[in-house]
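K.L.:
pasting the sequence and the predicted model now:
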Amino acid sequence: VQLQASGGGLEQAGGSLRLSCLASGRTFTNYAMNWFRQAPGKERVFVAGISRTGRSTLYADSVKGRFTISRDNAKNTVYLQMGSLKPEDTAIYYCAAKTVSGDEEYWGQGTLVTVSS
């Protein structure tokens, strides 16, 4: 699976951004999709995940209530709607695809989100 993330940029605190991740190369519905982020000098951490059908979602406590993950299986795309942005949301955001069995995992190249105070 090739993953192309986009939608990052510079936003003020309190603002919103929507990230997109377009998948190609394999059957999109075979994969649960996740967003991770890596802030400068820190480890990559889980942000949000969505099941293959989109019925189940999971969020890190730090973004719960502010971010929404969704997917459009007809467009092979997963989204991360980010609201009430905070400076601490500044990071490179990566999308990742993973099979339920865990035997396949793919990562996109990342998109930079910068939130100014």
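P.N.:
Now that the structure is in, tell me what you want to look at. Numbers count the residues shown, from 1 in each chain.
K.L.:
tell me the centre residue of this structure?
P.N.:
Nearest to the mean C-alpha position of the chain, counting by Cα atoms, centre = their mean, stands Trp35 at 2.9 Å.
K.L.:
helix or strand for that residue, just tell me which one.
P.N.:
Assessed by DSSP states H and E, Trp35 sits inside strand 32-38.
K.L.:
ok, Val78 next?
P.N.:
strand 77-82.
K.L.:
ok, and what's touching that strand?
P.N.:
Residues from elsewhere that reach strand 77-82, judged by Cβ atoms under 8 Å, 6 or more residues apart in numbering: 16-23, 33, 35, 47-48, 50, 63, 66-72, 89, 93, 95, 113. C-betas here are computed from N, CA, C, even on glycine.
K.L.:
which members of the residues you listed are classed as buried?
P.N.:
Among the contacts of strand 77-82, those classed as buried by 16 or more other Cβ atoms under 10 Å are 17, 19-23, 33, 35, 47-48, 50, 63, 67-69, 71, 89, 93, 95, 113.
K.L.:
can you flag which of those residues belong to strands?
P.N.:
17, 19-23, 33, 35, 47-48, 50, 67-69, 71, 93, 95, 113 (DSSP state E).
K.L.:
can you tell me the closest non-neighbouring residue to the residue nearest to the centre of the chain?
P.N.:
Leaving aside its sequence neighbours, Trp35 sits nearest to Val47 (Cβ to Cβ, 6 or more residues apart in numbering; 4.3 Å).
K.L.:
next: Tyr59.
P.N.:
Ala48 (5.0 Å).
K.L.:
return the residues in contact with Tyr31.
P.N.:
For Tyr31, the contact set (Cβ under 8 Å, 6+ apart) comprises Val1, Ala23, Arg52, Ala97, Lys98, Thr99, Glu104, Tyr106.
K.L.:
10 Å instead, please
P.N.:
Contacts for Tyr31 (Cβ atoms under 10 Å, 6 or more residues apart in numbering) come out as 1, 3, 23, 50-52, 71, 78, 96-100, 104-106.
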